[in-house]
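Colleague: have a look; sequence and predicted model below, questions after that.
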Amino acid sequence: MSDNEMDDDVLETTDEKRQESKRIFINNVDTYNGRNLSKFLSKCVVGASLEGGEEEAGNEEENGGGEIKKENTYNIYGTVKNSEEYQQPDFVTEIISNQNKEELLEQLMECDVIIYDIIHEPDQVDEACWAISTLNSQAEKIDKPKIFILLSTVMTWAKTKPADPEDPDIPFTEEDFRRRKCHPSYKEHLAAEKTVIKFGKSNKKKLTTYVVCAGLLYGQEENIFHYLFKSAWHNNDLCLYGNGKNILPTMHINDLAAVIQNIADQKPKARYIVAVDDSKPTLKQITKAVSKNLGSGKVKPVAKEDALLNKEITQSDFDMISIDLKMDAAFIKENMQIRWVAENGFVENVQKIIKEYKTSRNLIPFKVCILGPPGVGKSTIAQQLAQHYKVHHIHIKDVINQAIENLNKFAKRTENETEKLNEDGDAEVDQEEEEEEEEEEQPDLSELDAINENMESNNGRLDDQYVIKFFKERLMSKPCQNQGFILDGFPKTREQAQALFEPDEQEEEAGEENGSDEEVTKFNKTISPEIIIKLDASDDFLCKRIMNLPEKLVQDTHNTEDGLTRRLSEYRDLNNEDNSVLNVFEEDFELDVIKLGPELVEEDKSFLHKNLVDLIKSNYMKEPRNYGLSSAEKAELKRIEIEQRLLKERQEREERERLEAEEAIERVKKQTEWNEKLEQIKKEEVEYLETQSIPLRNYLMTHVMPTLTKGLIECCKIKPDDPIDYLAEYLFKNNPQVD
């Protein structure tokens, strides 16, 4: 057979292996492990690791690939932990409910590879054991071979004693897995590992089982080490719990996904696989690496007992970062084709890991520059935007004052340290601690004298060379590089902009290596603004606006009538059509400038420029890129909300009670008035009746009553049997008119 024919046979065999997509089941695809494993495997071509094609998947992952969906990739099916809040991403083919075990089993029977992650999900241990035992009991119903992978943790090795007590530094490998002793809290994990290995021996042709013992996982949005990244991103000193000398076996989450891809493609003979990188870092080294490259660079020792006071650290996280274990992934190195993301470990790849962290959590810093004439409202708008987006408001006066203050503090500290050394010359120094501490870049104290002389000779002003230096240092600081910044009215001239944003040496070297130095080295992308806003208004409007400002805002500033006129004149001279700071951004750097002209600025009559701020928020800056409100801020907002609700309820209740009281008073008043009127009417009626009865009374008294009285007296004397008849007869007889 010729070489060409043999090559054709190999290609045909490879195509057969890669011709169909496969279904992978992953539990809890909405968690850190499940989400990142699913995302990685969904881009992997079936069988690619057999011929080194996994490298292509790795490149796509780094370059933000995945836009082109291949036909023979792994299809992801999985369950979710929080179904109510979960929105299914594109890389997950279907979400399966695990509420009904029969329906879940039907779905598992359709999958080629079944992955159960129990590392951070202890509640999934029982489900994983149920799944493997049920699949094993129904092996006769399995049509095509299946692979069951249990993702476990190095915590099942936490109490393992070294094979050679005289040489405890020898790392553990897969060969030692029968001697492993677990952490007391991970006995169920160890039992699950043994269960999976046991059932894998009974039906090898139809059901192949693996246990992957993964190190402490890092990368992407971070999980167990997230408390370090979050604290460092907020520019806090990092806490080191204990002495930090314990060794942590670690693994990048994408490297773990690559190991799983190799298992799915190759079906290796080893059933227990250790997945860790080549590094053996201590907790202290990891903490210092994060602090130096993301935070303030400072680490403070904290007692282990206080670790759980940090709400970001759970008990299981604390147990993991307290482990002291050396492990070596011997099988992976010898038998798997992996394009490592971080083969050398966390510390060596910390810059790449930080970049992943910021990108995954959308913590890309806002870099904004607001320019415009004096009095247009730059500072007012910048302050509101900085407060809303939680970025740093950079004003020239604050930058200069802070830089000089730092120089003075450092000079004083240096002087005190020198005096202390002279007094305690024989004091012992901890050499080990000195070697561990990184040397910080110290400021040049000779520069302080030059700055003071320069300010004295320039009537309190600084030359541009010092101002530019201070601005570069501030913009390159970790706070500005983490949260972002808003430049308030600086740079003011074309020369300042060119000097401030000129490319540094590293970017120039990168441009030369890439052969595209024109594109790369135009400006320093690290500190150059991505959003440039130019405000403008007429001089008359600006003068009126300044005149209407509150006195406390104008006092001790340049915003007097003469000062504003002078500054406006200088601004117009420095910013004409042919030569302005905008020319640098638009022509030299080819950046877009957002121009808000007089028609928008002068239309917004409010002092705080609320309409302009809302316009910039909605159209240009849009959603914040940060962690949002902290727990303390959320609690404060909730407290304020409750207070406002209670205040509103109290006001409504008081208003209701006031109205009811007023109604009651009005009702009593009306009732009293009605009663008084009624009494008056009765009195008037009585008087009227009495007045009307006088003639009748006189008539009766004159003509009727005398005769009637006599008749009644006679009737009483005689007492007749029929008094009425007697009285009538008497009146008839004694009627005066008849007489």
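Modeller: Yep, it's here. This is a predicted model, so every value here is computed, not measured.
Colleague: can you give me phi and psi for residue 583?
Modeller: phi -60, psi -30 (degrees, to the nearest 10).
Colleague: nearest the geometric middle of this protein, what residue?
Modeller: residue 627 (2.2 Å; C-alpha atoms, centre = their mean).
Colleague: any idea whether that one is helix, strand or coil?
Modeller: Of the three states, residue 627 takes coil under DSSP: H, G, I helix; E, B strand; the rest coil.
Colleague: distance from the chain centre to stretch 405-420, please.
Modeller: 39 Å (C-alpha atoms, centre = their mean, to the nearest Å).
Colleague: for it, list the C-alpha coordinates in PDB.
Modeller: Extracted in PDB, the C-alpha atoms of stretch 405-420 (Å, rounded to 0.1, in the frame of the first residue of the first chain):
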ATOM      1  CA  GLU A 405       1.000  65.900  49.400                       C
ATOM      2  CA  ASN A 406       2.200  62.400  48.600                       C
ATOM      3  CA  LEU A 407       5.800  63.700  48.000                       C
ATOM      4  CA  ASN A 408       5.700  65.600  51.300                       C
ATOM      5  CA  LYS A 409       4.400  62.600  53.200                       C
ATOM      6  CA  PHE A 410       7.100  60.300  51.700                       C
ATOM      7  CA  ALA A 411       9.800  62.800  52.500                       C
ATOM      8  CA  LYS A 412       8.700  63.100  56.100                       C
ATOM      9  CA  ARG A 413       8.500  59.300  56.400                       C
ATOM     10  CA  THR A 414      11.900  58.900  54.900                       C
ATOM     11  CA  GLU A 415      13.300  61.400  57.400                       C
ATOM     12  CA  ASN A 416      11.700  59.600  60.300                       C
ATOM     13  CA  GLU A 417      13.000  56.200  59.200                       C
ATOM     14  CA  THR A 418      16.500  57.600  58.800                       C
ATOM     15  CA  GLU A 419      16.400  59.000  62.300                       C
ATOM     16  CA  LYS A 420      15.100  55.700  63.700                       C
END
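Colleague: start at 28, not 1
Modeller: Will do, 28 is the new start, and the previous item becomes stretch 432-447.
Colleague: if we can go back for a sec, quick one, what contacts the residue nearest to the centre of the chain?
Modeller: Going by C-beta atoms under 8 Å, 6 or more residues apart in numbering, residue 654 touches 257, 260-261, 388, 390. Any C-beta I mention is one placed from the backbone N, CA and C, and that applies to glycine too.
Colleague: who wins on neighbours among these?
Modeller: Highest neighbour count within the contacts of residue 654: residue 260, with 23 neighbours (other C-beta atoms under 10 Å).
Colleague: can you list contacts of stretch 729-748?
Modeller: 750, 753-754, 757-758, 761-763.
Colleague: buried subset of these?
Modeller: 753-754, 757 (16 or more other C-beta atoms under 10 Å).
Colleague: now tabulate those in a markdown table and tack on pLDDT and distance to residue 420.
Modeller: Below are the buried ones among the contacts of stretch 729-748 laid out as a markdown table (pLDDT from 0 to 100; distance: C-beta to C-beta, whole Å):
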| residue | pLDDT | distance to residue 420 |
| --- | --- | --- |
| 753 | 87 | 121 |
| 754 | 87 | 117 |
| 757 | 87 | 121 |
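Colleague: which of those fall in helices?
Modeller: Within the buried ones among the contacts of stretch 729-748, residues falling in helices by DSSP state H are 753-754, 757.
Colleague: among those residues, which one sits closest to residue 430?
Modeller: Among those, residue 754 lies closest to residue 430 (C-beta to C-beta), at 130.4 Å.
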